[in-house]
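**Student:** below are the sequence and a predicted model; questions follow.
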Amino acid sequence: MQHRNLGRSGIAVPPIVFGGNVFGWTLDKAASFRILDRLVDVGLTGIDTADVYSAWVPGNQGGESEAIIGEWLAARGARSKVTILTKVGMQMGPRDAAGNGPKHAVGLSRRWIMESVDASLKRLRTDVIDLYQAHKDDPETPLEETLSAFADLIKAGKVRAIGASNYGAARLEEALATSKRLGLPRYETMQPQYNLMEREGSRGRARPALPP
């Protein structure tokens, strides 16, 4: 199967990446394992998830999708066969009736990124995340703080490359300029919401990578 390079990350994925938000939501563990087995069988080895999946399900707290993927990786010994993409930044933890959770358990502060990556690695049962993505922009945290934290994760070997999700064009441009100015890792990918059900706010197809 033809693969596509993710920017200058050195990571290549199939043209279709499977979205793991259904794990622990509409798919239980057994069904998730069957889907993951089949994906590998047909060569669709890019698996995208997030720490927050699937916190919106009653009784869940987030991390359910990563945990199922981690159990599957351990059971199948399949870590070398797949590319793992996960995200940080959405609200985590128990929610009250208004949908609010712990104040610090959200966003792209250094503190939260460092807590979240270790939790994701533990759930995924792996030593490294291939592509670690900022799930949404956090205008309250300086880009320098966020990108410096990501740089330290790459240096520590916990993350191979970073990407962005749900960023506006102006903020993405600012983030890329900040990376260049400070010599920090750049977002190698951009993952906007665009699908058959949700087309508002996006006028083009998601690109697999940013231009050089």
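**Tutor:** Cool, got the structure.
**Student:** which stretches of this structure form strands?
**Tutor:** 4-5, 12-13, 18-19, 46-48, 83-88, 129-134, 159-165, 187-191 (DSSP state E).
**Student:** just the buried residues of stretch 67-77, please?
**Tutor:** 67-73 (16 or more other CB atoms under 10 Å). Where C-beta positions appear, they are placed from N, C-alpha and C, glycine not excepted.
**Student:** closest to Met90 out of those residues?
**Tutor:** If you rank the buried residues of stretch 67-77 by distance to Met90 using CB to CB, Ala67 comes first, at 16.3 Å.
**Student:** leaving out chain neighbours, which residue sits closest to that closest one?
**Tutor:** Spatial nearest neighbour of Ala67, chain neighbours left out: Arg123 (4.6 Å); criterion: CB to CB, 6 or more residues apart in numbering.
**Student:** contacting residues for that neighbour?
**Tutor:** Applying CB atoms under 8 Å, 6 or more residues apart in numbering, we find Arg123 in contact with 51, 63, 66-67, 69-70.
**Student:** any idea how far Glu188 is from it?
**Tutor:** Here Arg123 is placed at a distance of 23 Å from Glu188 (CB to CB, to the nearest Å).
**Student:** test my guess that Gln61 contacts Met92.
**Tutor:** Yes: with contact defined as CB atoms under 8 Å, Gln61 and Met92 form a contacting pair (7.2 Å).
**Student:** those two: who's more crowded?
**Tutor:** A count of neighbours by other CB atoms under 10 Å puts Met92 above the other of Gln61 and Met92, at 22 against 15.
**Student:** tell me how many other residues surround Asn195.
**Tutor:** Neighbours around Asn195, by other CB under 10 Å: 9.
**Student:** what of the one 3 residues further on?
**Tutor:** Here the count is done by other CB under 10 Å, and Glu198 has 9 residues near it.
**Student:** pLDDT at it, what is it?
**Tutor:** At Glu198, the pLDDT value in this model is 72.
**Student:** do the same with Met92
**Tutor:** Looking at Met92, the pLDDT reads 79.
**Student:** and the closest residue to Lys136 other than its chain neighbours, what does it touch?
**Tutor:** With CB to CB, 6+ apart as the criterion, Lys136 has its nearest non-adjacent residue at 4.3 Å, and that residue is Asn166. By CB under 8 Å, 6+ apart, the contact set of Asn166 is 135-137, 191-193.
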